[in-house]
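what shape does this take:
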Amino acid sequence: HDVIIHTTTELISIRKSLKSFENELYDYNFRRCNNCYLVNLKHVNKIKKDSVVVGFDELLFSRNKKKQFIDDISKYVGENL
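Prediction:
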């Protein structure tokens, strides 16, 4: 499987599992909002009822990941005010 990394300037495709990225980037405030996306909490623009807005992209929450993601973004914002 390929993972496509969206940076502020480019897209990079890497053959690696998303789970391995999740483990490596956890300490850098990357969290899953669903099974397909790993989000850098620093770049979250808005939280909606069923989605998170990152840049110009709106990513849907999965039912399993929503509560933990909301908890993590709340903690992140509280620590970085």
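
on the three-state scheme, residue 53 is what?
strand (DSSP: H, G, I helix; E, B strand; the rest coil).

apart from its neighbours in sequence, what residue is nearest it?
Computed as Cβ to Cβ, 6 or more residues apart in numbering, the closest residue to residue 53 that is not its neighbour in sequence is residue 46, at 4.1 Å. Yep, even glycine has a C-beta here, placed from its N, CA and C like the rest.

where does the one you found fall, helix, sheet strand or coil?
Going by three-state DSSP: residue 46 is strand.

quick check: it vs residue 20, distance?
Relative to residue 20, residue 46 is positioned 29 Å away (criterion: Cβ to Cβ, to the nearest Å).

can you check residue 71 too?
Residue 71 is 23 Å from residue 20, where distance means Cβ to Cβ.

and for residue 45?
To residue 20, residue 45 is 27 Å away according to Cβ to Cβ.

list the buried ones in the longest helix belonging to the chain?
Scanning the chain for the helix with the most residues, using DSSP state H, yields helix 63-79. Under the neighbour-count criterion of 16 or more other Cβ atoms under 10 Å, helix 63-79 has 65-66, 69, 72-73 buried.

most distant residue from the centre of this structure?
Most distant from the centre of the chain: residue 81, at 19.5 Å, with distances by Cα atoms, centre = their mean.

and the spatially most central residue of the chain, how far is that from residue 6?
For the chain, the residue nearest the mean C-alpha position is residue 39 (1.4 Å; Cα atoms, centre = their mean). Separation of residue 39 from residue 6 (Cβ to Cβ): 10 Å.

and residue 64, by the same measure?
In terms of Cβ to Cβ, residue 64 sits 23 Å off from residue 6.

then residue 73?
18 Å.

cool, and residue 63?
For residue 63 relative to residue 6 (Cβ to Cβ), the value is 24 Å.

how about residue 72, nearest residue that isn't a chain neighbour?
residue 31 (4.8 Å).

brilliant, that's me finished.
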